[in-house]
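Peer 1: starting from these lines, generate the structure:
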Amino acid sequence: MISEKDVEFYKQDGYLLVKNVFNEQEVEEMRNGVDRIVQRAADAKLDHNAAWQGDFIPAKELKKLVLKGFHDVHYHDAAFTKALVHPNMVAVLRQLIGPNVQLHHSKMLVKPPENGAAFPMHQDEPYFPHEKHTMMAASVHLDDADEENGCLHVVPESHKSGPLPHVGRHYLNHKEYPISMGTPCPAQAGDVLFFNYLTIHGSDANRSDRTRRNVLFQYRDPADPPVKDVHVNWGQGLMVCGENPTFREYHSDFTLK
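Peer 2: Numbers count the residues shown, from 1 in each chain. Model prediction:
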């Protein structure tokens, strides 16, 4: 799926865009899955706006922005279970992480037309820090993304700087790290952007008349332990390929009513 040159680029720059990981039918299945999740959340009165709060955008503008985000989408629709272990995904993950790859979590992000919220520049590491920093994101594009509808921006080689201090654990100082400093990563539906969780990234608001839907899978080497007991969910630990070298019992953390 990718070449040795691609692997070297990922190691050096901290990100890699892989084209055509999913075909048109698979993308459409995931789009439909996203739409159904949003509808079921609304029907259950559990819908919410996941737009980030802060001083990186004027308060009046911030009120108008919307972001739909729900975690653990593979528990809501089988299209995402198939996607996260798709042979094309596994082929890339084996080369970027190693023979053993484990899912940490999944989530969906929907930026609606004209008022889709921005993501200020940040690292993912503060949310779920790990000892060896093997954690990576795989951002699956379900729509074509460009600068007009808020494609991702990354800062090449920023993963080499290690963990950086964040404002309230959420994002970097937007004056020091504006979104404009990042390299835009336009992509087409079916493409996947892989990036290390230390790579600085963010995205501008969707000011187009087009929706921007992404599904994010976070993967790690199972031999890379978390250093804090944070961002733990009851489905964490699914083996995507290879084996878990450490035996332990996995228990859900919810109580039946």
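Peer 1: distance of N233 from P113?
Peer 2: Shown here: N233 relative to P113, a distance of 30 Å by C-beta to C-beta, to the nearest Å. The way it works is simple: take the backbone N, C-alpha and C, and place the C-beta from them, glycine included.
Peer 1: then D124?
Peer 2: For D124 relative to P113 (C-beta to C-beta), the value is 26 Å.
Peer 1: who has more neighbours out of those two?
Peer 2: Taking other C-beta atoms under 10 Å, D124 and P113 do not tie; D124 has more neighbours (21 against 14).
Peer 1: would you map the strands across the chain?
Peer 2: Under the criterion DSSP state E, the chain contains strands at 15-18, 68-71, 101-111, 119-122, 136-141, 152-154, 183-184, 192-196, 201-203, 212-220, 239-241.
Peer 1: show me what the fourth one is packed against.
Peer 2: Which is strand 119-122. On a contact count with 3 or more C-beta pairs under 8 Å, 6 or more residues apart in numbering; DSSP states H and E, strand 119-122 meets strand 201-203.
Peer 1: other SSEs contacting the strand it packs on?
Peer 2: Using 3+ C-beta pairs under 8 Å, 6+ apart, strand 201-203 is in contact with strand 119-122, strand 152-154.
Peer 1: which of those has the lowest mean pLDDT?
Peer 2: Among the helices and strands packed on strand 201-203, strand 119-122 carries the lowest mean pLDDT, at a mean of 90.
Peer 1: which parts of the stretch 51-200 of the chain are helices?
Peer 2: In the stretch 51-200 of the chain, the segments counted as helices under DSSP state H, counting those that start in this stretch are 59-64, 78-84, 87-96.
Peer 1: for the first one, what is the average pLDDT?
Peer 2: The reference is to helix 59-64. 42.
Peer 1: next: the longest one.
Peer 2: With pLDDT averaged residue by residue, helix 87-96 scores 98.
Peer 1: and it, what's buried?
Peer 2: Within helix 87-96, the residues that count as buried by 16 or more other C-beta atoms under 10 Å are 88-90, 92-96.
Peer 1: list just the nearest of the residues you listed to F70.
Peer 2: Taking C-beta to C-beta as the measure, M89 is the one of the buried residues of helix 87-96 closest to F70, at 20.3 Å.
Peer 1: help me confirm that the closest one comes into contact with F194.
Peer 2: No - taking contacts as C-beta atoms under 8 Å, M89 lies outside contact range of F194: 9.4 Å.
Peer 1: any common contacting residues for these two?
Peer 2: Jointly contacting M89 and F194 under the rule C-beta atoms under 8 Å, 6 or more residues apart in numbering are A138.
Peer 1: what about the stretch 151-257 of the chain, any weak spots by pLDDT?
Peer 2: The stretch 151-257 of the chain contains residues with pLDDT under 70 at 169, 234-235, 249-257.
Peer 1: one more pass at 90, please.
Peer 2: Applying pLDDT under 90 to the stretch 151-257 of the chain picks out residues 167-171, 173-175, 205-206, 211, 228-237, 246-257.
Peer 1: closest to the centroid, which residue in this structure?
Peer 2: L216 (3.3 Å; C-alpha atoms, centre = their mean).
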